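Asks: A predicted structure for the sequence below; I have some questions about it.
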Amino acid sequence: MAGRPPIDLNQKIRDLLSHTIPLRLEVDAPIRNFEERTNACFNLIKYIDDHVTTQSVYRASYDLHLSLLNRMVLVSLVEAFERFIKETAVVCVDAIAPFTIDNRFDQFSPTGGSLAAQFKAGSVGKAMCESETWLSNQTINERFRFILKPHFGEPWEYVFPNEKQNPAGERDRARTLAILWQVRHNITHNTGVLTDTDARRLTLMVKAEVASGNMLSPNLSDLRYVKRFLVETANLTNNRIGNRLADLLTERHEDDATLFNPQELADSISGRFQKSLTIHGFAGLI
């Protein structure tokens with residue numbers, strides 16, 4: 001009797017790259033894509049609630065698996081926010097790059113290989129931003145401050161300022177976002193186990209004792225608050241960056257009125273930010 005044929009595990013891993021599904025229809029607006037992704041996270045939880053009754057399963061096993069699911073959803077929510085920030089940066093770079101030759105993009109370090117990989121996308125913003133990670137307040141600040149800086153002058157304000165940076169009104173939000181970046185790091189790299197290092201970092205961040213040796217187990221209320229916080233933060237950030245981009249393009253048009261048609265560009269970026277933005281007196285249509 002012939003034995004079971006050997007399995008080429010190396011090839012099986014390669015094969016998984018062909019197991020795909022069509023990308024959900026996304027609009028050319030980062031804030032709308034973010035809302036779709038965060039809603040999808042909660043639709044997953046709702047699906048489980050609708051199809052699994054606790055009366056038909058062992059409660060201990062159910063709680064164990066639900067804890068794992070909630071950690072996965074929490075990471076997905078934070079990653080959706082990172083994707084929103086990245087897509088917003090792409091919009092800004094694409095809007096500004098044709099009309100400036102200064103050093104505002106020096107914060108990025110695209111290699112020849114990454115530029116070549118993005119060649120088919122036909123987007124300078126994607127070539128610069130897609131391969132980068134946007135997983136800390138500091139990184140986001142450094143890039144956007146230069147992307148959106150005046151043509152002549154100092155860098156723009158901080159998107160997520162620390163306790164010594166402005167605008168002061170955004171400091172609490174930035175501190176909370178920094179905690180979520182760290183939580184995402186913990187779940188991704190330590191499966192939610194609060195190591196001594198993770199616990200010390202989080203203790204300093206929340207200014208309250210976070211015990212090591214336990215595993216994060218967010219409940220549904222935790223996830224709802226995280227989503228609410230990130231949705232509010234995304235909308236405020238979308239407004240701040242959109243307004244600043246419109247102001248910057250107004251500055252460029254005042255410097256040289258032949259650079260672009262202000263109405264056409266106002267319409268374009270208004271659609272991307274899903275709000276009417278004005279360039280040199282021309283209000284964009286959504």
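Replies: Structure's in. What do you need?

Asks: which stretches in this structure count as helices?
Replies: For the chain, helices defined by DSSP state H occupy the ranges 9-15, 30-51, 59-96, 112-117, 124-129, 137-147, 171-190, 196-206, 220-255, 262-273.

Asks: Glu163: which of these is closest?
Replies: Minimum separation from Glu163 across those (CB to CB) falls at helix 171-190, 6.0 Å. Just so you know, the C-beta spots here come from the backbone N, C-alpha and C atoms, and that holds for glycine as well.

Asks: quick one: mean pLDDT over the closest one.
Replies: Helix 171-190 shows a mean pLDDT of 98.

Asks: verify the contact between Thr195 and Ser212 for me.
Replies: Yes. Between Thr195 and Ser212 there is a contact at 6.2 Å, judged by CB atoms under 8 Å.

Asks: buried residues in stretch 51-66?
Replies: By neighbour count on 16 or more other CB atoms under 10 Å, the buried set for stretch 51-66 is Leu66.

Asks: now, of the helices of the chain, which is deepest in the fold?
Replies: The highest average neighbour count among the helices of the chain, using mean count of other CB atoms under 10 Å, belongs to helix 124-129 at a mean of 22.

Asks: counting by contacts, list what that helix packs against.
Replies: helix 59-96 (3 or more CB pairs under 8 Å, 6 or more residues apart in numbering; DSSP states H and E).

Asks: which elements pack onto the helix it packs on?
Replies: By 3+ CB pairs under 8 Å, 6+ apart, helix 59-96 packs against helix 30-51, helix 124-129, helix 137-147, helix 171-190, helix 220-255, helix 262-273.

Asks: pick out the shakiest of these, pLDDT-wise.
Replies: Minimum mean pLDDT among the helices and strands packed on helix 59-96: helix 124-129, a mean of 87.

Asks: want to throw the helices and strands packed on helix 59-96 into CSV with distance to Leu64?
Replies: Formatted as CSV, the helices and strands packed on helix 59-96 follow (distance: least, CB to CB, whole Å):
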stretch, distance to Leu64
helix 30-51, 14
helix 124-129, 39
helix 137-147, 34
helix 171-190, 16
helix 220-255, 16
helix 262-273, 42
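
Asks: looking at the ones you listed, spot the one closest to Leu16.
Replies: The nearest among these, by CB to CB, is helix 171-190 at 19.6 Å.
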